[in-house]
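Build me a model:
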Amino acid sequence: MVRSTRIGCATVHAASSDGRSYDSLSWALSRSVSRSPSKRVAVLELLAVSPHAVGRGWGTALLVDAVNSTQLAGYRKIELQVRAGNSRAIDLYRSIGFERTGRVDKHPLGGDAMVTFARALP
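Take a look at the predicted model:
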């Protein structure tokens, strides 16, 4: 039996200089609870950046923070799922060492399938 438990999250809201808009950035991690200590796997449930904040490096900063938090908590691997057509996110994940595992799942709401990426942690 595997259940999921939250191990960390972060949300940042930053007002723009004109005071009319703000950037919202978030990540959330959970852990797969397994009876085997060798299977300590964290799951990145959320990585979100406001559309007008895209391309400023916030996604990279959030992802690096999530990976570092996972490593500091003693996990050996971090996994995530992303829609197969989300090339911008896939490029980001690959840029910091995530690799596609080959697992593909249908999205419950339809559209592009969900593909799994993972990164081993030292």
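
Would you mind writing the CA trace of stretch 76-86 as CSV?
What follows is stretch 76-86, C-alpha atoms only, in CSV (Å, rounded to 0.1, in the frame of the first residue of the first chain):
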residue,chain,number,x,y,z
ARG,A,76,16.7,9.3,-3.0
LYS,A,77,14.6,10.2,-6.0
ILE,A,78,12.1,12.9,-7.1
GLU,A,79,9.4,12.2,-9.7
LEU,A,80,6.8,14.4,-11.5
GLN,A,81,4.3,14.1,-14.2
VAL,A,82,3.8,16.6,-17.0
ARG,A,83,1.5,16.7,-20.0
ALA,A,84,3.3,15.3,-23.1
GLY,A,85,2.7,18.5,-25.1
ASN,A,86,4.1,20.9,-22.4
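
quick one: average confidence on it?
Across stretch 76-86, the average pLDDT comes to 90.

ok, and what's touching it?
Outside stretch 76-86, the residues that touch it by C-beta atoms under 8 Å, 6 or more residues apart in numbering are 29, 38-44, 47, 66-67, 70, 89-90, 93, 98, 101, 104-105, 107, 111-121. For the C-beta atoms, the positions are set from N, CA and C on the backbone; glycine is no exception.

what comes up buried for that stretch?
Buried residues in stretch 76-86, counting neighbours by 16 or more other C-beta atoms under 10 Å, are found at 77-82.

Strands - which of these land there?
Among the buried residues of stretch 76-86, the members found in strands (DSSP state E) are 77-82.

Just the closest of these to residue 52, please.
Checking these against residue 52 by C-beta to C-beta gives residue 82 as the nearest, at 21.1 Å.
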